[in-house]
Each structure stands twice: as C-alpha cells, then as structure tokens.
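1. curious how this folds, go ahead:
(chains A, B, C, D, E and F)
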There are 4 protein chains.
Amino acid sequence: MFIPEVDTVPAAASEKPDRRESILEAALELFAERGFHGTAVPAVAEVAHVGAGTIYRYFASKEDLVNVVYKRWKGALAHAIVTDFPLHATAREQFHAFFSRAIDFATEHPRAFKFLELHHHAPYLDARSRALESEIFAPAVAFFETTREKQITKDMPSEVLMALVWGAIVGLVKGAWEKRLRLTKDVIAHAESCCWEAIRA
Amino acid sequence: MFIPEVDTVPAAASEKPDRRESILEAALELFAERGFHGTAVPAVAEVAHVGAGTIYRYFASKEDLVNVVYKRWKGALAHAIVTDFPLHATAREQFHAFFSRAIDFATEHPRAFKFLELHHHAPYLDARSRALESEIFAPAVAFFETTREKQITKDMPSEVLMALVWGAIVGLVKGAWEKRLRLTKDVIAHAESCCWEAIRA
Amino acid sequence: MFIPEVDTVPAAASEKPDRRESILEAALELFAERGFHGTAVPAVAEVAHVGAGTIYRYFASKEDLVNVVYKRWKGALAHAIVTDFPLHATAREQFHAFFSRAIDFATEHPRAFKFLELHHHAPYLDARSRALESEIFAPAVAFFETTREKQITKDMPSEVLMALVWGAIVGLVKGAWEKRLRLTKDVIAHAESCCWEAIRA
Amino acid sequence: MFIPEVDTVPAAASEKPDRRESILEAALELFAERGFHGTAVPAVAEVAHVGAGTIYRYFASKEDLVNVVYKRWKGALAHAIVTDFPLHATAREQFHAFFSRAIDFATEHPRAFKFLELHHHAPYLDARSRALESEIFAPAVAFFETTREKQITKDMPSEVLMALVWGAIVGLVKGAWEKRLRLTKDVIAHAESCCWEAIRA
DNA sequence: CATGAATGAGTTTTCATTCAT
DNA sequence: TATGAATGAAAACTCATTCAT
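-> Have a look, this model is predicted:
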C-alpha cells in the first residue's frame, strides 16, 4: 500500500545462509539491547557469524545499517497493521483490528518493537526513516478523523487520540518486557476495551 | 516520603557559578538528546563550561554521573507527584491530581522527562537507580488496588491500568515533543478525561 | 625442566615481519630503559612500527604485555642456565657453569637482563610471573644445600650464599652497563674465581 | 668531606611540623614503593599532609623533588660510610667498617636504600645526582687501589672488586626485603667474611 | 567475494601544575 | 604563605572502517 522501496522481512526460512539477512538479524538484536552507540560493529559481525569487513559489503556504514534495520521493521509494523485491514467493518471492529495487530506484532517480534521504540527519532536516522514515522500513523489518524466526524470517537485532535492509544499500547508492551505484568489473552482483551472507552464519544 | 538520600534539584537560582550543578545540567541535556553512549565526557564539559578533568572531581566516572542525574530527576518526578498529594480527596480527584502533576512535570522539565524515558532500565544504571523505578510506581499501583476493591476502577491488575495510563501520558508528551500535537490546557483536560474513562469501572 | 607454558624467545630469524614479536621486542627495550610506568603504549607501538591499537589485538592490556615479556625472559634466563647443566660434574665445575651462563645471558641479552632486574617484584606482575621468580632460584639453592652438607661450601643458609653470588653477578653486569668496568674474558674468569672463594668452605 | 651543598637528613626530631621535611619523607616512601612515574604528586601531598600546591612552593617540579630526595640520601649514605672512617686501621678492619656501615645504613633506612637502588641511573636524574653516584664509590675504589698495590687484595681492576662487593651487599639487602633470608648479626658477620675472602689476594 | 588483521581517530580517565582565595 | 579546586595535555584503551589476502 504505502510501504515503498524498503526491503521487507523475508517471509519464510531461506535455504542458504544469507549473509545480509544474518547481519540484519544480529543488528536488530544488539541495537535493541544496547542501543546504537552501545553496539560495536565487530560485535554485530560476531553475532551474525560473518567477518567484520563483510558488513561493509552490504552496508555503507553503521548508520546505514541502523537505517536499513529501522526502515525494514517500521515497514513490517505498518504492513502487519494495514494488510487486509477490515476497511469496511464497523469502527469498533476496525479499532479492535488495529489494537490486536499492534499487540500481536509486539508479541511476535519483541526485539523489533523494542528496537523501533528505542530508536524513535534518533539523530542518526536519515530523512527517509523519519518520514516513515509519520507515514505509519497516517491511516490511523485518518481513521480517527472519520470516526470523529461521525461522532463515534471523541471530539479531539486525531493526533491526540492516536498518541493516547499508541502510548497505552507501548506502555502495555513495556510492562510485559519488564515483567511488571503478563500479556494474557484476557489482559489484552480488557486493555483493548479500556482504550476504546478512552476514545469513544 | 519515599524520596531518599538522593541529591535534589536546587530550588532557586544560586548566587555563584556552581560547577557541580552546571555539569549535572549539561549532562541532563546531552544524555537526553544523544543518549549515554552517544555523549562524550568532554562534550558535557564543554556545555558545562568546565575543563574535562573537572567532571572527575565531582563524579567518579561517566556511569556515576548518569546515575546521579537519573536519581536526582527520578526523585524530582516522584516528589512532584506525591508532595501534598490530596490523599483524602475522591478517587476521581486523586486521579486528576496524578495526571496533571505528571503532565506538569513533563512540561516544566521536558529534558528531564525525556532523559528518564530514554534511560529507563538501562544496563549502566546501578541498583539504587533501578530500585527508584519501582518505588515511584508503588503509590500509584496502591491507588489502583484500593479503587478496584471499591469497584471505582476496572477489575484488572493494577499494573495493567498503571501501564495504560502512564503509557498514554508518555505518548502525549512524546507527541508534543515531536510537534505532532500541542499540549494546550484544553487538550490536557480532555486527555485526562479519556484516561479516566479508560480505567473507571 | 621447570620452564612452563610461557612463550619462548624465537630461536632464529623469522621470515615475515611478526607483529607480536616486534611488539614484545619494543616493549622489552622501552620497559628496560624507562620502566613500566615511564613507558607509554603508543611509544611501544612506534618502536614496534605498528599502530597503537594493534598492541591490544595481541595483549589484553599494558599489564598483560609486561607480564608476557617478564615470563618470556625469566623463562629464557632459567632455560639458559639449566639446559644441559653438568649435573654430574664437580661442585666447582657446576659453579663455574652457573656463573658463566648467567654472565653470558646478561651479555647476550643485556636489555632482557636489565628488564628483569628492574621489574623484579613489581606490583603489576601477576601471580604466575612472581612464582617464576622463586622457581628460577630453586635449583641454585638446592646446589648450595648439597655442597654445604658435603662441606664444600660454607656453613651458611643457601639463600644467603645465593644472594651474595647473584648480587655479585648483578653488580658486575651493572658496572659494565654503566661503563665503570669492562667485562672481558679475563675479568669474568677472575670474578668467577672471587665468587667461588667467597662461598667455598 | 666530599658531600657538598646537598641538603642533609635532619639529625634529630624538629619541634614544629616542617612541611619541606614531611614532603621529602613522603616522597621517599612513595618513590621507593611505586617508583617515580608510578607516584602521583597529589599522593605525595596526601601522605605528607600538605596541599598539592604546597609541594611546588618547595620544589620546582616532580623531577626536582626526586632529585632532591636522591641527592639527600645518596649524600647520607656516603656520609654514613665515610664519617670517622678508620683510615689508619688495617685494610681488613677498613673493609669491615665499610661493609658494616653499608649494611647498617640499609637496615636503618631501608626505604632510602631501596629508593637509591630503584632510581640508580634513572633518566630523570640530573647531572648533579648522577655525579654523586661516582663520587660515592671514589673512596672505596681508592681503597682497592691501595690494597691491590700492597698485594692485600686481588690483582683486579678496583671497579670490578667494588662491583662484586657492592653487588653482594645489595643482593643481601634485597634478599632480606623479600624475606628470602634474615639479616641476623651472625649472617652479616659471615657474609662480610665471605666478601673479604672474595677479594683478598 | 569474504575476511579479519591493522589502524588511527576518538573515548574515558589521570595527573602535573597553576592560581584564586 | 598554604591551599586545593581547576585544568588540559597525555595516558590507556576502543572501535568504525579499510584493505591485503
């Protein structure tokens, strides 16, 4: 849809050991755990089981690498949310879809979600990476525009509703990482319900 | 109350140029902007208008410095929320107080709030700093325990409600930083309302 | 015999420029001349014709480097003395062998001898290096034990005789370094004679 | 006699706390233990119970300080040996006096003796300090010249005999430091005897 | 191509020396 | 005069990047 020429997460297991892929995987893991400046390129190489020099055959620099990882997973998150989105369902159902898909993504790809949160608006992200940030929120904002007009959701700026809901989702996921809470099916369902009540008219 | 022996933010303007203070100020600024590993000690020294060596007269190491900054501002946040907290007001009023104080703190000390968010659970934080993390949430969690029992708030784990509300607050503040939204009095009031509706029974 | 798993001095000229070897060579030279604390790692790198960072590819730290140099040359000295030692010759001949070999070592490897003297019992030497110190004297002490029982050497603690003889050897070598005297064949022979007369019964 | 304008060790306890004196005392202790480059000037100040800046009121630099300490104690050693030297006693008695006085000095001022050994011929010693080195041996060398001519001592260069005897003394003292041997009266007497036998004709 | 050894610029930290008090 | 806080130059050490193999 609006996810452009960024490389995507490989759908299924590839047969041969793809070096580029293992580098991206290793980078995701280390950047998510230790941050950009806290991660040494040779450390990425080691986790990826490639030589340090090999990374520079696939990526121009450490900055380039982090940007590729960022774009890939930001795209993957957008993709996970919008693919086959029930555009013609009720607003309530659409919200449920959005919420569930976001939580599902965070549960299935915890490191990617952590990485995206940690590197959000970092100074070493390039223009393209930063642009993706707003793009991903665009459809959700549009959703709130529509539902507000129909007086289904509260009469507040869409960006504010978006910030509240996305913030709550991130709060939930972080709570789960830090073992302060467990994201059971039940908890997720109730939390979704809470968020809906927060925003509905 | 539960704010311990950490050094506090100086109340008013001091008369003479306090080096320790300017170092802490500079560190807060740079750590908030570039992160721990992304900030060089001489950069802190330059912003603080002191020699690089001077930092080591006041702090044992870069790690020590970040921990002092962390404890100071985590303590300040806790202080801002709990000082003269209307413990005997209604649950609704208490929630309002909590929400407003958090937003006020983030508005008055945006760099401190950003710093705390960015360094949350970082591996270079010491035991004392980490302990403060849970301590700060403790009274809020207790609030949700009480109100849930009285069927004022939803029958969900307090930590989940806490995560949703705190997440929403952080989402709001980040939205404001990134200029996606403006935190007017009106927006804050409405957002608070949303959050209450999210959690009330 | 008692020379353990320490790396040894390379026997002959190697074909390609071995960086580890040139670092050890440079370190020996500078540590012997200026001492441990008086020698900067970049200075070692410069003398070794390698980059400063390269040293850390071969040695964990400056301390590690000085310990490797110490063990190598302490081992070499021990080796030079005990290899093919005439254990079944007369006491007088054995003493001659010991004395000559020590002087020969100091003459052939003056920097190594100086290095060992200078770093003797230094606080940055590790347990293994310190252990070598006593190991090297052990056979000589044993020699004095035996000869004293046979009333060939004086009835004094072996360690005292050892200290006198080794001290005299070191005194001689230092005198030669400082150009106060010249270690000609004749001088060495006479000095050896003096030392034997000092200790014989 | 030949000890010139170097400052001397204060004979008895002075009544008021003399800063210069405590600095020299502290410097002797630390330089002997950790070497010149291994000793920080503020560390000397701390041991001396003076401010770091105070050291620079009495000594131009760290190098100056080490040179003053060196000259003082080299002079003290020379003084201890030559004062009231029994110049008209027999050669045997003169040798005994020399040996005993050296050992006595090392026993009474172990740190000074260690300091002198450790800093012998160090590159940061100035011309005057270096000159003292030879001056101190001069009378001893003269002694050997005389006795050799009288065929009391061996027909060898005086410097060689000197090196052997002084080396043996140093070996003995180091052995005592390192607890390899104990310098009892008996051991000292026997050792002196050994040394005489080493050099006598 | 893939590598990993080599490197030098940059990092954190120490310390000899100065100077305002 | 004595001080000790302040400093910047230099120390040990790390790491992004290159390049010979």
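2. so A:Phe85 makes contact with A:Ala97?
-> Yes - between A:Phe85 and A:Ala97 there is a contact under C-beta atoms under 8 Å: 6.3 Å. Yep, even glycine has a C-beta here, placed from its N, CA and C like the rest.
3. how far out from the middle of the chain is the helix or strand of chain A with the lowest mean pLDDT?
-> Least confident helix or strand of chain A, by mean pLDDT, DSSP states H and E, is helix A:127-149 with a mean of 88. Its chain's average C-alpha position is 14 Å from that of helix A:127-149, according to C-alpha atoms, centre = their mean, to the nearest Å.
4. check stretch A:163-172 too.
-> That offset, for stretch A:163-172, works out to 13 Å (C-alpha atoms, centre = their mean).
5. with stretch A:189-201 instead?
-> 21 Å.
6. buried stuff in that stretch?
-> For stretch A:189-201, the neighbour count (16 or more other C-beta atoms under 10 Å in any protein chain shown) marks A:His190, A:Ala191, A:Glu192, A:Cys194, A:Cys195, A:Trp196, A:Ala198, A:Ile199, A:Arg200 as buried.
7. centroid-nearest residue for chain A?
-> A:Leu77 (4.2 Å; C-alpha atoms, centre = their mean).
8. now the helix or strand where it lies and helix A:127-149, what's the angle there?
-> Here A:Leu77, judged by DSSP states H and E, is contained in helix A:62-82. Per axes from the mean of the first three to the mean of the last three C-alpha atoms, to 10 degrees, the angle that helix A:62-82 makes with helix A:127-149 is 20 degrees.
9. just the C-alpha atoms of helix A:62-82, please, in PDB.
-> In PDB, the C-alpha atoms belonging to helix A:62-82 read as follows (Å, rounded to 0.1, in the frame of the first residue of the first chain):
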ATOM      1  CA  LYS A  62      27.000   1.600  10.800                       C
ATOM      2  CA  GLU A  63      24.500   4.400  10.300                       C
ATOM      3  CA  ASP A  64      23.400   2.900   7.000                       C
ATOM      4  CA  LEU A  65      22.900  -0.400   8.800                       C
ATOM      5  CA  VAL A  66      20.700   1.000  11.500                       C
ATOM      6  CA  ASN A  67      18.600   2.900   9.000                       C
ATOM      7  CA  VAL A  68      18.100  -0.300   6.900                       C
ATOM      8  CA  VAL A  69      17.000  -2.100  10.100                       C
ATOM      9  CA  TYR A  70      14.800   0.700  11.100                       C
ATOM     10  CA  LYS A  71      13.100   1.000   7.700                       C
ATOM     11  CA  ARG A  72      12.600  -2.700   7.400                       C
ATOM     12  CA  TRP A  73      10.900  -3.100  10.700                       C
ATOM     13  CA  LYS A  74       9.000   0.100  10.600                       C
ATOM     14  CA  GLY A  75       7.700  -1.100   7.200                       C
ATOM     15  CA  ALA A  76       6.900  -4.500   8.700                       C
ATOM     16  CA  LEU A  77       4.900  -3.000  11.500                       C
ATOM     17  CA  ALA A  78       3.000  -0.900   9.100                       C
ATOM     18  CA  HIS A  79       2.500  -3.900   6.900                       C
ATOM     19  CA  ALA A  80       1.300  -6.000   9.800                       C
ATOM     20  CA  ILE A  81      -1.300  -3.400  10.700                       C
ATOM     21  CA  VAL A  82      -2.700  -2.500   7.300                       C
END
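10. do stretch A:167-177 and chain B meet?
-> Yes - judged by C-beta under 8 Å from any C-beta of the partner chain, stretch A:167-177 and chain B are in contact via A:Gly167, A:Ala168, A:Ile169, A:Val170, A:Gly171, A:Leu172, A:Lys174, A:Gly175.
11. now that stretch: mean pLDDT?
-> Taken as a whole, stretch A:167-177 has a mean pLDDT of 96.
12. same check on stretch A:48-56?
-> 96.
13. count of residues packed around the closest residue to A:Glu93 other than its chain neighbours?
-> Spatial nearest neighbour of A:Glu93, excluding adjacent residues (C-beta to C-beta, 6 or more residues apart in numbering or on different chains): A:Pro86 at 6.0 Å. Look at A:Pro86: counted by other C-beta atoms under 10 Å in any protein chain shown, it has 11 neighbours.
14. could you list the buried residues of stretch A:24-34?
-> A:Leu24, A:Glu25, A:Ala26, A:Ala27, A:Leu28, A:Glu29, A:Leu30, A:Phe31, A:Ala32, A:Arg34.
15. try stretch A:152-169
-> Result for stretch A:152-169 [16+ other C-beta under 10 Å]: buried residues A:152-154, A:156-169.
16. which ones among the residues you listed lie within helices?
-> The helices, defined by DSSP state H, take in A:Ser158, A:Glu159, A:Val160, A:Leu161, A:Met162, A:Ala163, A:Leu164, A:Val165, A:Trp166, A:Gly167, A:Ala168, A:Ile169 from the buried residues of stretch A:152-169.
17. the last one and C:Pro139, how far apart?
-> As judged by C-beta to C-beta, to the nearest Å, A:Ile169 and C:Pro139 stand 75 Å apart.
18. can you check the fourth one too?
-> Relative to C:Pro139, A:Leu161 is positioned 86 Å away (C-beta to C-beta).
19. quick one on the thing from earlier: and which of the buried residues of stretch A:189-201 is nearest to A:His49?
-> Nearest to A:His49 among the buried residues of stretch A:189-201: A:Ala191, at 39.1 Å, using C-beta to C-beta.
20. where does the closest one land in three-state SS?
-> At A:Ala191 the chain is in helix, as set by DSSP: H, G, I helix; E, B strand; the rest coil.
21. and it, what pLDDT?
-> The model's pLDDT for A:Ala191 equals 97.
22. no more questions from me, cheers.
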